[in-house]
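Participant: One predicted model, sequence on top.
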Amino acid sequence: MSKAKKNVVPFYDRPALKPKNAKQKKYINTLKHSTITLATGSSGTGKTYIPAVLAADMLDDNRTPIEKIVICRPNEGPGKTIGFLKGGMEEKMMPWAAPILDAIASRWGGGAVGKKRVEDAIQRGTIELLPLEYARGKTFNNCFVIVDEAQNTDWDSLKNLTLRVGMDCKLVVCGDVAQKDIKGDSGLAVLMDLEYEYRTPWCSINFEIDDCVRSDVVKYTLSLYEEAGV
């Protein structure tokens, strides 16, 4: 199916996404060639930013089959759950999806231009904000699916999501089990154990503190928290 692209800066006019370290280089290559990718580990390493940028590029590139970006996040966290936020489902999802939407907007020109493109894409349905509990029964064909904060998913929800992968789909599951907010077992931890124990067709990238690129302050703080055990 041909993808209509109106008023879009041609994909080939954009600078290529450049990795900041060897782990990011491996991650970018994995995302381009794998159907299911697990990205785990420390904050500030590009786990979420990199797939968001690649998804934005693939949606605009007529050479790829990607026709939609699907953003999933669990409705659990250290603050309010999605059920207590005001507005309809889309409005409730916006704060949770903001890090991914911001990355996409920056790739699409940044500022008001990028923000408007993201808003238009949500209205057209080429970007879908999907609570995990609404994934049952769906089939993701021609989709780039990003699951953020996956450490806060239960196993049943994450298991169901992995079974939604259809034709020409990419599924990226991002999270850090050390930042789990839910009670009980993390679905991401189960998925990681399965990937380790069996010869799965999935690929996994684990980021460590030394891979943090957000800032030297964050890298130091992560090391401090690890040493202090807090």
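Facilitator: Alright, I've got the coordinates.
Participant: When you work out contacts or count neighbours from here on, use the C-alpha atoms and nothing else.
Facilitator: Noted.
Participant: Who is the residue sitting nearest the centre point of the chain paired with across the strands?
Facilitator: Nearest to the geometric centre of the chain sits residue 146, at 3.3 Å (Cα atoms, centre = their mean). Beta bridges link residue 146 to residue 71, residue 172, judged by DSSP bridges.
Participant: how much space between it and residue 223?
Facilitator: Residue 146 sits 27 Å away from residue 223, going by Cα to Cα, to the nearest Å.
Participant: Likewise for residue 208?
Facilitator: As it turns out, when the distance is counted by Cα to Cα, residue 208 lies 10 Å from residue 223.
Participant: is it true that residue 157 touches residue 132?
Facilitator: Yes. Between residue 157 and residue 132 a contact is recorded at 6.5 Å, counting by Cα atoms under 8 Å.
Participant: which other helices and strands contact the worst-scoring helix or strand of the chain on mean pLDDT?
Facilitator: Using mean pLDDT, DSSP states H and E, helix 89-107 stands out as the lowest-scoring helix or strand of the chain, at a mean of 88. When contacts are defined as 3 or more Cα pairs under 8 Å, 6 or more residues apart in numbering; DSSP states H and E, helix 89-107 packs onto helix 49-60, strand 68-73, helix 111-124, strand 127-131.
Participant: Next, format the ones you listed as CSV and append mean neighbour count.
Facilitator: CSV is the format used below for the helices and strands packed on helix 89-107 (neighbours: other Cα atoms under 10 Å):
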stretch, mean neighbour count
helix 49-60, 23
strand 68-73, 23
helix 111-124, 15
strand 127-131, 20
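Participant: quick one, which of the ones you listed is nearest to residue 196?
Facilitator: Of all these, helix 49-60 sits nearest to residue 196, with 22.1 Å by Cα to Cα.
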